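J.: Sequence and computational prediction follow.
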Amino acid sequence: MLTARAALDALREGNRRFVSDLSHDAGSSSTRRRVLPEVQEPIAIILGCSDARVPAEIVFDQGLGDLFVIRVAGNIVAPSQVGSVEFAAETFGTRLVVVLGHSSCGAIHATVEQLLHPSRAQSRNISSIVDRIRPAVEGLLERRPQPERGVLEQQAVRANIRMSADHLRHGSAVLEQLIQKDGLMVVGAEYSLETGVVDFFDGVAVTS
């Protein structure tokens, strides 16, 4: 089992390979496929956005069985996501959790739009996603002067990532116990659609 710090280093190195077009495909070999039905030992749990442009395995240049990935629009945290993180952390001993958001997030855009121009056009199900993101955005809207729309959405992406990561750290007795006694680390990161770079900016003392 990798420590959280070792797993974080592996993700950073994988992202550097991805950005440099040096990705490898060894993790999808037939040998690897034959081993996986017997055991899985993911090095990290990724709670990421469903956006088709942000596939975690590719972004971090990892192979089959390397990541336990939970994807939901807006990388929000609801009970089922918390339960999924708890399951992986307890069952597989994975010690790194990454909340992975990204630039130009559609769920963030929809939330900002709904707060600035309230309407009833959204379905109840989409509203449930917006309502999860809303607290991260409302604080930004209270600032004076209010940021320009593009800047506001950029700030909202990071505020939402921080909120989700904080929810995982403090909204689950299971995860709190693992953080305090077993070295579990929950970090927040933003993927840039423009550059391909992942910036680990929340919950990490030293970034590179």
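T.: Yep, it's here.

J.: Give me the next element, helix or strand, following the helix or strand of the chain with the lowest mean pLDDT.
T.: Lowest by mean pLDDT, DSSP states H and E among the helices and strands of the chain is helix 30-35, with a mean of 68. For helix 30-35, the succeeding helix or strand toward the C-terminus, using DSSP states H and E, is strand 44-48.

J.: Give me the contacts around that following strand.
T.: By Cβ atoms under 8 Å, 6 or more residues apart in numbering, the residues outside strand 44-48 that reach it are 7-8, 10-11, 54, 56, 60, 66-72, 75, 77, 81, 85, 88-89, 94, 96-101, 164, 168. All C-beta atoms are positioned from the backbone trio N, CA, C, and that covers glycine.

J.: which parts of the lengthiest helix in the chain are buried?
T.: In the chain, assigned by DSSP state H, the helix with the most residues is helix 149-170. Neighbour counts over helix 149-170 (16 or more other Cβ atoms under 10 Å) mark 152-169 as buried.

J.: Now do the strands in the protein.
T.: For the chain, applying DSSP state E gives strands covering 44-48, 67-71, 96-102, 185-191, 198-202.

J.: Pick the most deeply packed of the ones you listed.
T.: Ranked by mean neighbour count under mean count of other Cβ atoms under 10 Å, those are led by strand 96-102, which reaches a mean of 27.

J.: Any stretches of the protein with poor pLDDT?
T.: Within the chain, the segments meeting pLDDT under 70 span 25-32, 35, 206-208.

J.: at 50 what do you get?
T.: 206-208 (pLDDT under 50).

J.: and residue 195, what is it in contact with?
T.: residue 19.

J.: ok, it to residue 43 distance?
T.: Remark: distance between residue 195 and residue 43 (Cβ to Cβ, to the nearest Å) = 24 Å.

J.: can you check residue 200 too?
T.: Residue 200 sits 15 Å away from residue 43, going by Cβ to Cβ.

J.: And for residue 49?
T.: Relative to residue 43, and taking Cβ to Cβ, residue 49 is found at 20 Å.

J.: next one: residue 22
T.: Between residue 22 and residue 43 the computed distance is 19 Å (Cβ to Cβ).
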